[in-house]
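**Q** predicted model, plus sequence, below.
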Amino acid sequence: MVSKLSISFRSIDDMPEEASAIGDCVKLYNDALSQLNESMSEIKTEKNKGGNWLNKNVIGDVKTWISTAMTDVETCPDGLEEIVGNETKKEMETANQMMSISLAIVSQMKKLIMILH
């Protein structure tokens, strides 16, 4: 999806406001992807150490990174909706839904861990 936004960015050189909005979105989606990769990296690091990767600290960090990724994506300018095609809009909605579901799962995991410990 970020690559599609980048292509759109290159194809609207004549529209500086739209180009700026797409540029902002590309940056925000890249930031969101970085946050999600960071959460996966921490889980893998804990698993490789042989430690309990399902502890409240790791789950708390993952929850924070997913929340931050969602904020980045939701910050993508609303005006962008008029610029991108339906396929890209659907992909953006799917990404938002997947992060929302992931956040809900991680939140429930954290609650369960707190109850069990």
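**A** It's in. Just so it is clear, the structure is predicted and the values come from calculations on it, not from any experiment.
**Q** which element follows the lengthiest helix in the chain toward the C-terminus?
**A** The single longest helix within the chain, with elements called by DSSP state H, is helix 16-49. Scanning the chain past helix 16-49 towards its C-terminal end, the next helix or strand to appear is helix 56-74 (assignment: DSSP states H and E).
**Q** one step back: chain center to the longest helix of the chain: distance?
**A** For helix 16-49, the distance from its own C-alpha centre to the chain's C-alpha centre is 6 Å (C-alpha atoms, centre = their mean, to the nearest Å).
**Q** only the buried residues of that helix, if you could.
**A** Buried residues in helix 16-49, counted by 16 or more other C-beta atoms under 10 Å: 18-19, 21-22, 24-26, 28-29, 31-33, 35-36, 38-39, 42-43, 46. C-beta coordinates here come from the backbone N, C-alpha and C atoms, glycine included.
**Q** same for that helix, what does it pack against?
**A** The contact analysis (3 or more C-beta pairs under 8 Å, 6 or more residues apart in numbering; DSSP states H and E) places helix 16-49 against helix 2-11, helix 56-74, helix 86-116.
**Q** since that was my last question, I'll sign off now.
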